[in-house]
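K.L.:
sharing a model that was predicted from the sequence below.
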Amino acid sequence: MVSTSKKRLNNDTRINQNALKTSHIYFDLFKILPLLLIVGILPFIIRLKLVPLEGPFYEFWNGQSINPDFFTYYKQIFIYVVTAWALLHTFLFTKKIKFTKAYYFMGAYGFLVILSTIFSKYPQIALHGFNERREGMWIILCYLLLMFSTINLVETEKQIKAIIYTLGASGAIISLISIFQYFGMDIFTTEFAKNIMISSEIQSQVKDFNIKFGEKYSYGVFYNPNYLGGYISFYALLMLSFAIISNNIRERALFAVFFILSMFALYGSRSEAGVLGIVGAIGLLILVFTARYIIKDKPKEEHKKLLLTRFLPILLSLIILPVSLSYIPISDNPLTRIRTEAVTLFQPSDLKGKDYKEIGPINDIKQIDEKTIELKIYGKVTRLNVDKDMNLNLIDDNHKLLFNLKIEGEKQSSGHILGITEYPCYINIVDKGNSNYSIHYYYNDRTWEKLDFLVSNGELSFTTPSFRKVDIQKDLYAKHIGFEERGKLASGRGYIWSRSIPLVFSNIIVGSGQDTFITEFPQYDIFGRQAENMPQYYWNILTDKPHNTFIQIGIHSGLISLLILLTGIVLLIFKSIKSSLNEGNINITIAIFSSAILGFLLSSVFNDSILAITPMIYILLGINVLGIIKSNN
């Protein structure tokens with residue numbers, strides 16, 4: 001009887017211990033729940049919000065007073081709420097805030113972001129972010145606070161594994177969506193998705209709303225295939241790494257499946273940024289495993305086993321990636337484009353020393369007086385003039401009147417075709433109200449190449465397509481550094497970078513403010529764009545981002561902030577690799593996270609920071625910092 005009682009007592013004790021252990025695990029997961037929501041749910045928050053635009057949000061936009069925002073409005077709110085939640089957990093459940101030198105870098109960067117906002121010419125944009133981006137000061141501070149919360153909330157390897165599993169499952173769903181998109185089965189074009197993404201109230205207002213984000217390529221849930229490539233650049237590395245290091249066969253198989261799915265998604269995105277990120281990060285991964293398993297004293301008899309279990313999967317992934325991509329047509333193949341553009345980059349330029357105005361078709365634009373603008377197109381000179389009777393007059397270089405048209409009262413002109421010299425001209429006038437009239441001057445009706453003007457209170461101005469007045473002396477020929485005759489490099493990035501780099505050097509200590517790139521970039525650099533042989537329709541496209549995260553940071557918060565951020569990340573990666581030489585799962589884990597972060601940084605050469613992805617990177621950085629703290633203890 002006594003023996004039976006002891007057994008029952010032992011069983012009850014074990015049950016209580018297991019229950020306590022289970023509750024402890026659930027509590028640990030609850031502590032990091034805000035972080036799990038960021039890595040698992042954030043990319044899927046896609047819902048339409050009709051945002052009224054006013055002030056600089058309208059002035060620098062495309063002329064529309066309402067912006068239909070699917071991908072950023074609700075994500076911004078979600079990040080605000082989850083960050084506050086993460087901070088609450090940090091101060092409720094953390095007995096002692098961990099100290100790390102990383103706080104110095106985070107604090108310095110955050111301080112310069114705040115300072116740049118204070119001195120910004122457009123504080124509204126700098127605080128809240130611009131249309132369809134919404135990465136204002138508050139969001140950048142949220143990123144840093146999420147990193148701070150990660151450092152202090154994550155304590156166990158099981159919590160790190162929970163983050164990896166959540167990210168893995170989320171990424172697998174994104175990969176499957178991307179694969180179906182590639183084969184023409186896009187979930188976002190279905191009635192089911194439409195009902196989720198658009199409220200019934202908005203659907204009732206817009207009866208014929210057509211959801212169509214793209215075709216014949218994959219973009220996942222990011223509305224742009226390059227952003228999908230940026231996501232895969234760190235996601236695939238994490239899945240591959242944990243498939244290699246895991247000792248559980250089921251776990252290894254699961255992560256391997258996640259990795260393979262992500263490779264198919266990358267195939268569909270055709271993203272050079274994603275390919276570059278993955279290839280570069282795999283190189284660091286090989287270095288990490290070499291340092292951990294080969295340089296570190298290991299018995300020689302284990303080398304073959306290590307090569308088979310650790311390095312063979314990496315080598316296979318390096319082979320599979322280019323082989324699979326080789327089946328993409330040459331014109332669309334990211335590997336082919338990277339090679340071709342790398343060669344083009346080092347070829348001599350014929351533009352140096354040339355007058356960009358003579359390249360044409362637009363040779364000159366001059367503001368003669370408040371009512372007259374002179375145009376020189378295809379070598380022919382004409383003048384647009386508004387007289388006291390509100391007539392729009394077209395005059396040749398001999399002051400001969402070619403055409404005149406009454407402006408007032410033309411509520412919606414269907415336009416007037418004029419035969420002028422050797423090319424046709426098409427003029428369209430639209431009454432914008434409050435004595436404002438927009439004038440679209442199509443100087444070639446076969447290709448719809450046009451210039452835009454505004455008549456306001458009897459004065460004639462040259463404007464952008466959104467009818468913001470252009471400073472003819474300042475804006476039509478922008479400063480540039482490098483990339484002469486390389487404007488089309490990387491899908492037009494060469495031109496954008498060449499005009500953005502000077503902006504970085506003009507914002508050394510304090511930047512222009514978060515998301516104010518659109519206000520700084522020379523939007524109407526006509527002569528530069530035509531010299532780079534950019535399509536004319538491209539001249540009228542608003543450039544709201546530099547397509548390079550590092551340039552983006554340098555302009556928004558200053559060159560010094562960029563150097564601080566890069567220095568901190570480089571030191572972190574270096575310490576992570578160094579720690580991988582030590583035994584323990586946490587050391588190899590943080591080195592793997594560094595490889596994934598490097599993959600994202602390499603893809604960021606071609607991509608911008610976006611709400612759907614960047615918060616995850618700050619969480620990964622937080623885990624890296626945590627690992628360094630643990631390895632030093």
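P.N.:
Noted; the coordinates are in hand.

K.L.:
phi, psi for D608 please.
P.N.:
phi -100, psi 160 (degrees, to the nearest 10).

K.L.:
next, count neighbours for it.
P.N.:
22 (other CB atoms under 10 Å). Where C-beta positions appear, they are placed from N, C-alpha and C, glycine not excepted.

K.L.:
which residues touch it?
P.N.:
By CB atoms under 8 Å, 6 or more residues apart in numbering, the contact list for D608 reads R133, K545, P546, H547, N548, T549, Q552.

K.L.:
the second one is in contact with S500, isn't it?
P.N.:
This points to K545. No. K545 lies out of contact with S500 (CB atoms under 8 Å); the separation is 9.6 Å.

K.L.:
neighbour-wise, which of the two wins?
P.N.:
Higher neighbour count among K545 and S500: S500, with 26 against 23, using other CB under 10 Å.

K.L.:
list the contacts of the more buried one.
P.N.:
F517, F521, P546, N548, I551, I555.

K.L.:
and the closest residue in space to N152 that isn't next to it in sequence, how many neighbours?
P.N.:
Excluding the flanking residues, the one nearest N152 by CB to CB, 6 or more residues apart in numbering is T94, at 4.7 Å. By the criterion of other CB under 10 Å, T94 has 15 neighbours.

K.L.:
please apply the same query to the one 4 residues further on.
P.N.:
Each residue near K98 was counted by other CB under 10 Å, and the total is 15.

K.L.:
just N533 next, same as before
P.N.:
By other CB under 10 Å, 12 other residues sit near N533.

K.L.:
show me what contacts Y618?
P.N.:
Y143, L144, L146, M147, T150.

K.L.:
restricted to helices, list those.
P.N.:
Members of these lying in helices (criterion: DSSP state H): Y143, L144, L146, M147, T150.

K.L.:
of those residues, closest to G277?
P.N.:
Using CB to CB, Y143 comes nearest to G277 of the ones in helices among the contacts of Y618, at 19.5 Å.

K.L.:
still on that earlier bit, what would the ones in helices among the contacts of Y618 look like in TSV with pLDDT?
P.N.:
Formatted as TSV, these follow (pLDDT from 0 to 100):
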residue	pLDDT
Y143	98
L144	98
L146	98
M147	97
T150	97
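
K.L.:
low-confidence ranges in the stretch 451-600 of the chain?
P.N.:
466, 535-540, 581, 583-586 (pLDDT under 70).

K.L.:
the helix or strand that contains I368 packs against which elements?
P.N.:
For I368, the host element (DSSP states H and E) is strand 362-369. Counting contacts by 3 or more CB pairs under 8 Å, 6 or more residues apart in numbering; DSSP states H and E, strand 362-369 is packed against strand 372-377, strand 459-463, helix 472-475, helix 526-531.

K.L.:
again, only this time at 6 Å
P.N.:
strand 372-377 (3 or more CB pairs under 6 Å, 6 or more residues apart in numbering; DSSP states H and E).

K.L.:
what's in contact with the strand it packs on?
P.N.:
By CB atoms under 6 Å, 6 or more residues apart in numbering, the surrounding residues in contact with strand 372-377 are 361-368, 382-385, 443, 460, 462.

K.L.:
quick one on the thing from earlier: let me know the closest of the contacts of Y618 to I66.
P.N.:
Of all the contacts of Y618, I66 sits closest to Y143, with 28.7 Å by CB to CB.
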